[in-house]
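**Student:** Just need the structure, nothing else, for what follows:
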Amino acid sequence: MDMDTDALRWLQQVSDGTTVTEVGEAEAVTQSGISRALARLEAEIGTPLLRRSGRTLRMTHAGAVFKPHLDALLHHLDDGIAAVSQLIDPDTGTVMLAFQQSLGTWLVPDLARSFRSTHPAIRFELIQVRDELRSAALDGGNADLEIGSRRDPADESVRTALIAQEPLRLAVPRDHRLAGAREHGLAGPRVDLADVAAEPFIGLQPSSALRKLTDDLCEAAGFRPTVIFEGDDLSNVRGFVAAGLGVAVVPAPRAGSPESAAGPVVYRELLDPEAVRQIWLTWSGERRLLPAAELFRRHVLRRARAGRLPAVVE
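**Tutor:** Next comes the predicted model:
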């Protein structure tokens, strides 16, 4: 069987919802040329893969069965082409990096900047993911690496390495009774979460790993928090705290991040030694990373082991 890789790619695009007209315009090929190539492909496989529904093409049952294998085939083909290209010139290529939004203000920029100082030709494609415990690692396989607090020890398809510990702080409005006298950062002795048991909390969605950790810390302190607002990211949580609508448990500000500057939110150190969020580097355990991604993986691990990540603002 001698399949045309162009026809395979055109079939993938059409099955993903692109029209033959759009494929032809993007590939500079006539519609009749694409239709003939798809017909030859179906003849080689031995059954129709597409059927016409009005002006659009939809997959037949056989096409739907074939599609995941087609995606995997083209993914491996592209990996192979990229691997050869990077073998010829290791300092080229693209790193597909997934990360949690809160790490985009300090950790990811620091790692990317320090890496590109020695590998300036390597590009990054950045994918923001949430810290939801039940969501798939590596953005469902679309990313080479992921940096975040999600980790499922039972998932044997990925490998992980601990790269940072994020101390958690109680975020309070500047005029709060626990804010203290300092202009920013920590203010006086550490506080017990029980001190704010009766106050409204601002939190992330219940599916968030940080929300679960917050609930666990409050339970250890002897109460269940009354969460009056639930946001999708920590910038929203901090915004509602700044507005005086409640308190929140958030990661400690890091040097160079927007949160480290003096502002309407004060961060108090917590007494509970378990008030820490772990940050993990995740990569696939089932396929070898391409050279550019492997270079970045090693860079992250070296920098973490050397303690060269941005410091917590005290």
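
**Student:** For the longest helix along the chain, which helices and strands make contact with it?
**Tutor:** Longest helix in the chain, counting residues (DSSP state H): helix 61-88. Helix 61-88 sits against helix 5-15, helix 291-305, with contacts defined as 3 or more CB pairs under 8 Å, 6 or more residues apart in numbering; DSSP states H and E. Heads up, the C-betas are built off the backbone N, CA and C, glycines and all.

**Student:** all strands of the stretch 201-314 of the chain, in order?
**Tutor:** All strands of the stretch 201-314 of the chain, identified by DSSP state E, counting those that start in this stretch, fall at 226-231, 248-251, 265-269, 276-284.

**Student:** Also the stretch 1-150 of the chain?
**Tutor:** Using DSSP E, counting those that start in this stretch, strands in the stretch 1-150 of the chain cover 50-53, 56-59, 94-100, 123-129, 145-148.

**Student:** Any idea which of those strands gets closest to residue 29?
**Tutor:** With CB to CB as the criterion, residue 29 lies closest to strand 56-59 of the strands of the stretch 1-150 of the chain, at 15.7 Å.

**Student:** Which elements pack onto the closest one?
**Tutor:** So strand 56-59, by 3+ CB pairs under 8 Å, 6+ apart, packs with strand 50-53.

**Student:** in its sheet, what does the strand it packs on sit against?
**Tutor:** When pairing is defined by DSSP bridges, strand 50-53 lines up against strand 56-59 (antiparallel).

**Student:** Which positions in the partner strand come out as buried?
**Tutor:** Residues 57, 59 are the ones in strand 56-59 that count as buried (16 or more other CB atoms under 10 Å).

**Student:** any idea of the mean pLDDT for it?
**Tutor:** On average, the pLDDT along strand 56-59 is 80.

**Student:** and the angle from the lengthiest strand in the chain to helix 291-305?
**Tutor:** When the chain is parsed with DSSP state E, its longest strand is strand 158-173. Interaxial angle of strand 158-173 relative to helix 291-305 (axes from the mean of the first three to the mean of the last three CA atoms, to 10 degrees): 50 degrees.

**Student:** quick thing: my sequence starts at 236, can you match it?
**Tutor:** From this message on, residue numbering opens at 236, which makes the last subject strand 393-408.

**Student:** before we move on, the earlier item: most tightly surrounded among the strands of the stretch 436-549 of the chain?
**Tutor:** strand 483-486 (a mean of 26; mean count of other CB atoms under 10 Å).

**Student:** which helices and strands sit right next to it?
**Tutor:** By 3+ CB pairs under 8 Å, 6+ apart, strand 483-486 packs against strand 393-408, strand 435-439, helix 444-455, helix 469-477.

**Student:** 10 Å instead?
**Tutor:** strand 393-408, strand 435-439, helix 444-455, strand 461-466, helix 469-477, strand 500-504, strand 511-519 (3 or more CB pairs under 10 Å, 6 or more residues apart in numbering; DSSP states H and E).

**Student:** how about TSV for those, with distance to residue 549 and mean pLDDT added?
**Tutor:** Converted to TSV, those look like this (distance: least, CB to CB, whole Å; pLDDT from 0 to 100):
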stretch	distance to residue 549	mean pLDDT
strand 393-408	10	94
strand 435-439	23	96
helix 444-455	20	95
strand 461-466	26	94
helix 469-477	18	93
strand 500-504	9	93
strand 511-519	15	95
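
**Student:** how about those, which one is nearest residue 367?
**Tutor:** Nearest of these (CB to CB): helix 444-455, 7.3 Å.

**Student:** Please tell me how far that closest one is from the chain's geometric centre.
**Tutor:** Distance of helix 444-455 from the chain centroid (CA atoms, centre = their mean, to the nearest Å) equals 22 Å.
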